[in-house]
Structures are given as structure tokens and as C-alpha cells.
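Asks: Fold the following and give me the result.
(2 chains, ligands or ions: 2)
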Amino acid sequence: MDQLAIASTDRPLVKHFRAVVAVAGISLEVSPGTVFGLVGPDGAGKSTLIRMLATVLAPDSGDALIFGNSLVRDTEEVSARMGYMPQRFSMYPDLTITENVNFFARLRGVKKAERKERSAKLLEQMGLTPFAKRFAARLSGGMKQKLMLASVLMHEPDLLLLDEPTTGVDPVSRREFWEVIARLRADGKTIVVATPYMDEAERCDQLAFIDAGRITRQGTPAEIKAMVEGTLLSVLTTDPHETATVLRDARIAGVSSGHIFGDEVRILAKDSALAGERVREALHQAGIPYELNAINMDMESAFAVLAETAPVQEAADA
Amino acid sequence: MTEANAISIQNLTKRFGHFTAVDHLSLEVPVGQVFGFLGANGSGKTTTIRMLTGSLTPSSGKAYVLGANVAKRVAEVRRRIGYMSQKFSLFEDMTVEENLRFYGGVYNLDPDEFAARREYILDMADLRGRESELTANLSVGWRQRLALGAATIHSPELLFLDEPTSGVDPLARRRFWDLLYELAKTGVTLFVTTHYMDEASHCNRLAFINSGRLVAEGTPNELRAQHNGATLEEIFTKLSTN
Ligand SMILES: Nc1ncnc2c1ncn2[C@@H]1O[C@H](COP(=O)(O)OP(=O)(O)OP(=O)(O)O)[C@@H](O)[C@H]1O
Ligand SMILES: [Mg+2]
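Replies: Ligands and ions are numbered 1, 2, ... in the order given. Below you'll find the predicted structure:
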């Protein structure tokens, strides 16, 4: 069997910041050559977990094995095979794009000849070539994200730890970014990525849903969606906001979550037939034209339900 | 430039050296609308907003905000608009209360006015009970709602929001848009940039820019109809890649 990219030990990772428990005990297994997604509410502990895996933050207790090396004891070996992209912009504002990329590659010991070739390729992939000589301070928000990603890819790490890498990146570039990820995966690289975008979560091989410092659910995207009970109903209307208000005010029994998705209002119903009836009534009374359909569970809705459901273990542990 | 337009710009242009970031942009934003301003990274959205809020001088062209020429009446414009920038402009090492006081001071609110607005914002942003918490310790969703509170402390008629939901989790994002709609109902005009196409479809009108130039404008439905029923994401792709 292949050695795991990340293997758990019998000591889960824990990190406190003063009185706040950021990571309450997380064990993680990640197979090489896969994309592992971390999703969950803001402040759930995703960044803290990534920072510990990146060896920039020492755990209070616990350990994990990165390609067989201890996170805590073999920090150097671990860090040599890993690339980490933090959430905050961390490039030199007074260096150009090219200078920044080269600076980080040199730090990572990439040879001069390779630096040139790789940076040319990466900047091209990120659409940054025309701006190679521009100072980082003068880049737009999304361009800064692309610069960070290009820099972290320069030494071709075996394990990539990406903390919300596409924040502020436009939809076209986001798609291109995921094509880069797919290529890296095909090359056998392992990617751990935290993301607030549910369409990105769908593209991961495995997902961990993190809440209050713990993994509360884990599985493939399909498995995670299957954990949500009930049927998703789509109400297509011309005025989704008015529709959502009407449906909220109707307080339909067995309907636990409603949200606007483009032109639709999506609601989760325990009993779809019963809820459907009540939806029709409410909208008819309000005089709103609509089209009602049962649809497949989507990750947005699954997230909403999972985030609203309190973690199960909490009480037992306290 | 009628009263009916919250923003009216004509041939607005910004050059940085030889590079043109905003290129003869003309646009009208009717009062009371939620207006989505879309475009690829580096297409000139933030640069445009900075010219409209008076923090960047245009190379040429005219900008009227709430009927006032921005070049001539910056102080007045600033008093009447709010701006939530791409990077939340909160002081991380200050408490929630201190941040609100700071922005109340910036806009010269008298004590009664401040007290009333403070109450309103604490409720709106669901921040009651957290007044003395350090801003740095708030999660992104709270911080973002506090930033909205700070940007609207002086009851602006027009609010600029530059990617207000970037990096915010899906649930918090949804709650934030509920707040924006509450604001819109009170008659405030919202000028919003976003890279989320589901958010774009919540806007009354949209403008797409590419390399600083206007390439499409209309309601989400009009735009979809013009592009044979394509999704906004497909339209974005088409308009951004040439
Ligand atoms: N001070 C400056 N000097 C030189 N170029 C600049 C300066 N400020 C912005 N630019 C350039 O102007 C262009 C437009 O930038 P802007 O920040 O307006 O883009 P944006 O549409 O907001 O992008 P994003 O979606 O990534 O936030 C970019 O190419 C950027 O690098
Ligand atoms: Mg911008």
C-alpha cells in the first residue's frame, strides 16, 4: 500500500489560543494523489489545522505523520516536501511579480535554470505574464492570490496546503485554478484545500466538515450530501426575495432550511409531498407565479444544514 | 445626470503610467437599486470605485455621485456615501464598540445620533453582547457585519461594497445578503462587486467590464435573454475572455 500523505497518530492535534479552543482534537488521513477539502463555518478551526500541518504553528498536543515523518519531531523533512499558501497576502509589496516568485523559489532551493522555466509556465497559467514587472502592491485582489499560488508551486511540493486560495479570484480564473489542481493531482501530488466555495468542495475526492475544532462529518462529496435528511425543493420564481419572505412567514412544518439560489428559492423538506402542498398554498395566496420541482441535494444546501446542526459529540465530551 | 441616478459617469478613465485601468467608462445607476459591478480580476472594478468615492483622481472623464460632481464636491459626496472596501477597514486591535465610535467620529455624528445608530447596528449585525470583544477575535462573518455597520453608521444614501463576501462561509454569505436586502428596502442604493454569480443574480441590474471598458449592461434576465438563455457564469466567461 502507498504511504499516506497525511497519517493520523493515536494523538489527535489540539490547539488553544488563550481560552479559545481552535482545534479540539483532529486526526486526519489523506491518501497521496488526492484532493482533500476542508469545509465548515468561519472560525471552525480550518486555518489553525492547516497552519499546524504546515509546521508554522506548533500544536499544544498531538501529532500527525506527513509521508511518514512526524510533524512535531521531523519538522525539516516535513517542510521540505510541502508548499503552504496562507490566507493572508504574504508577498513583498515592493518586489515585482517575477521577483517575488523567484525569491520564494530561491529560498526553497530551486535551481536558476528551473526557476526561469517554471516561473514562465506558472505565470502564463495564472494569466499574470503581461504584469510580470508590476509591483505586488499594485496588483488587484485576485491577481495577488494568483501570485501567491504561483510562488508556492515553484518548488513542486508533494503536499500542497492551500488556505482558501481562490478568495477574490474571478470565476474564469477559478476554473483555470482547478484545472491546475487537477493536473497536479494527476502528477501524484496531494492537495489539502480549505474553501468557502461549495462548487470547489464538489471537486474534492474527500471532504471533512469541520465545526468547533472537530471533524463532524467526513466522506466523498456524494456521501456528505447523502448525510442530509429530506428532499430539496426548488421554487423557481421571478421574485426570489419576495418568495423567500412569503415562505418564511408561512412557517411550514417540517421545512428546516430555505435559501435563495439565483432565481430559485430552495427549501429542505422532511416530507416533500406535504411541504409541496403548503408551498403551493402560500404562494397562491400571495399571488406569486412559480414552478415547483424536487431536485438533487446540492452542496450549498448540505452545508447550510450541517452548519446549523450542532456537533453531536460536544455535550458528551464536556 | 437626473435626480433618478445615484451614479452617473461619463468617459471615466484612469491611467497608471502607460497602463489604462479604466477606459472611457460610462454608466448610470438608478437610485434605490442593487447594482452589481462585475468583471475579471484586474478589470478595473476597485479602481472605478476608488474614483467614485473620491480617493483616486480620474485621468479624464466625469463622475457624478448623488448629483454632485465628485471632482468638485468630494467632502459632500463622502458624507453621503458609505464604502466597504475589499479589505475590511476595521481596526483589529480595537473592540467592536471602539470601532463604531471611531467611525461615528469620522462622520461627526452628535451623541444622540450616534447612540441611535449604534443601537440599530448592534441589532442589525447581531452584535449585541459583543460590544467589548476585540475585533480580531471575531470570526469573519461577524467582522463583515461589523464592517457593514461601520460603513453605514452615518446612514448613507449610497453604499459601495467591494467584494463584501469574499472568504465568507456560505451560511454567513447568505445572512449578509439578507442584510443588504434590508438596507435596499430602506431606499439605499447599493453598488456591489462580487465574483459569486449567484449573488450577481440577486442584483436588480448588472454591468460587466473587461479591461476597464463596459461590455454589457442590463437586468440579469435581459442579459440572459441576450445570450440565448446562458447562465451568468457562462456570460461572465464569454465577456471576460476576449
Ligand atoms: N497604483 C497602481 N499602479 C499601477 N497599476 C495599478 C495601480 N492600481 C491598480 N492598478 C492596476 O489596475 C488594474 C485594475 O485593478 P483593480 O484593482 O481596479 O481591479 P479589480 O477589477 O478590482 O480586480 P479584482 O477582481 O482582482 O479585485 C490592475 O491591472 C491593477 O494591477
Ligand atoms: Mg478589486
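
Asks: which bits of chain B sit near ligand 2?
Replies: Within chain B, the positions adjacent to ligand 2 are B:45-46 by Cβ under 5 Å from the ion. (Glycine included, C-beta is placed from N, CA and C.)

Asks: can you give me the strands in chain B?
Replies: Taking DSSP state E as the criterion, chain B carries its strands at B:5-16, B:19-30, B:34-39, B:60-65, B:68-69, B:81-84, B:158-162, B:189-193, B:205-210, B:213-218.

Asks: How about the stretch 51-200 of chain A: which residue is closest to chain B?
Replies: Going by Cβ to the nearest Cβ, chain B is nearest to A:G142 of the stretch 51-200 of chain A, at 2.9 Å.

Asks: does that residue count as helix, strand or coil?
Replies: Under DSSP: H, G, I helix; E, B strand; the rest coil, A:G142 falls in the helix class.

Asks: For stretch A:128-147, C-alpha coordinates in PDB please.
Replies: Listed next in PDB are the C-alpha coordinates belonging to stretch A:128-147 (Å, rounded to 0.1, in the frame of the first residue of the first chain):
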ATOM      1  CA  LEU A 128       0.000  37.100 -15.000                       C
ATOM      2  CA  THR A 129       2.600  37.200 -17.800                       C
ATOM      3  CA  PRO A 130       1.600  40.700 -19.000                       C
ATOM      4  CA  PHE A 131       2.000  42.100 -15.500                       C
ATOM      5  CA  ALA A 132       5.300  40.300 -14.600                       C
ATOM      6  CA  LYS A 133       7.100  43.600 -14.000                       C
ATOM      7  CA  ARG A 134       4.400  45.100 -11.900                       C
ATOM      8  CA  PHE A 135       5.000  45.600  -8.100                       C
ATOM      9  CA  ALA A 136       2.900  43.300  -5.900                       C
ATOM     10  CA  ALA A 137       1.500  46.400  -4.100                       C
ATOM     11  CA  ARG A 138      -0.200  47.500  -7.300                       C
ATOM     12  CA  LEU A 139      -2.000  44.200  -8.200                       C
ATOM     13  CA  SER A 140      -5.700  43.800  -7.900                       C
ATOM     14  CA  GLY A 141      -7.000  41.500  -5.100                       C
ATOM     15  CA  GLY A 142      -7.400  38.400  -7.300                       C
ATOM     16  CA  MET A 143      -4.000  38.900  -9.000                       C
ATOM     17  CA  LYS A 144      -2.400  38.800  -5.600                       C
ATOM     18  CA  GLN A 145      -4.000  35.400  -4.900                       C
ATOM     19  CA  LYS A 146      -2.700  34.100  -8.200                       C
ATOM     20  CA  LEU A 147       0.800  35.400  -7.400                       C
END
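
Asks: B:C203 versus the most centrally placed residue in chain A, what's the distance?
Replies: Chain A has A:T195 as the residue nearest its centroid, 1.9 Å off, counting by Cα atoms, centre = their mean. Look at A:T195 and B:C203: by Cβ to Cβ, to the nearest Å, they are 24 Å apart.

Asks: and what of A:P32?
Replies: Taking Cβ to Cβ, one finds A:P32 at 43 Å from B:C203.

Asks: Which one of those two is surrounded by more residues?
Replies: The residue with more neighbours, out of A:P32 and B:C203, is B:C203; 23 against 16, by other Cβ atoms under 10 Å in any protein chain shown.

Asks: which helix of chain B spans the most residues?
Replies: helix B:170-185 (DSSP state H).

Asks: what about that one, distance to the chain center?
Replies: From the chain centre to the centre of helix B:170-185 is a distance of 13 Å (Cα atoms, centre = their mean, to the nearest Å).

Asks: can you list contacts of it?
Replies: Helix B:170-185 is contacted by residues A:41-42, A:196, A:198, A:241, A:259-260, A:300, A:303-304, A:307-308, B:32-34, B:124-125, B:140-141, B:144-145, B:148, B:152, B:159, B:161, B:164-165, B:168, B:190, B:192, B:196, B:199, B:202 when judged by Cβ atoms under 8 Å, 6 or more residues apart in numbering or on different chains.

Asks: let's see it at 6 Å
Replies: Contacts to helix B:170-185, defined as Cβ atoms under 6 Å, 6 or more residues apart in numbering or on different chains, come from residues A:42, A:198, A:241, A:259, A:300, A:303-304, A:307, B:34, B:141, B:165, B:190.

Asks: Can you get me the start-to-end distance on stretch A:24-36?
Replies: Using Cα to Cα, to the nearest Å, the end-to-end distance of stretch A:24-36 comes out at 20 Å.

Asks: per-residue confidence averaged over that stretch?
Replies: Throughout stretch A:24-36, pLDDT has a mean value of 96.

Asks: Could you do stretch A:285-305 as well?
Replies: 88.

Asks: so where's the chain shaky on pLDDT?
Replies: Just so you know, I chose chain A. For chain A, applying pLDDT under 70 flags the ranges A:1-2, A:310-318.

Asks: um, chain B though
Replies: Low-confidence segments of chain B, defined by pLDDT under 70: B:1-3, B:88, B:242.
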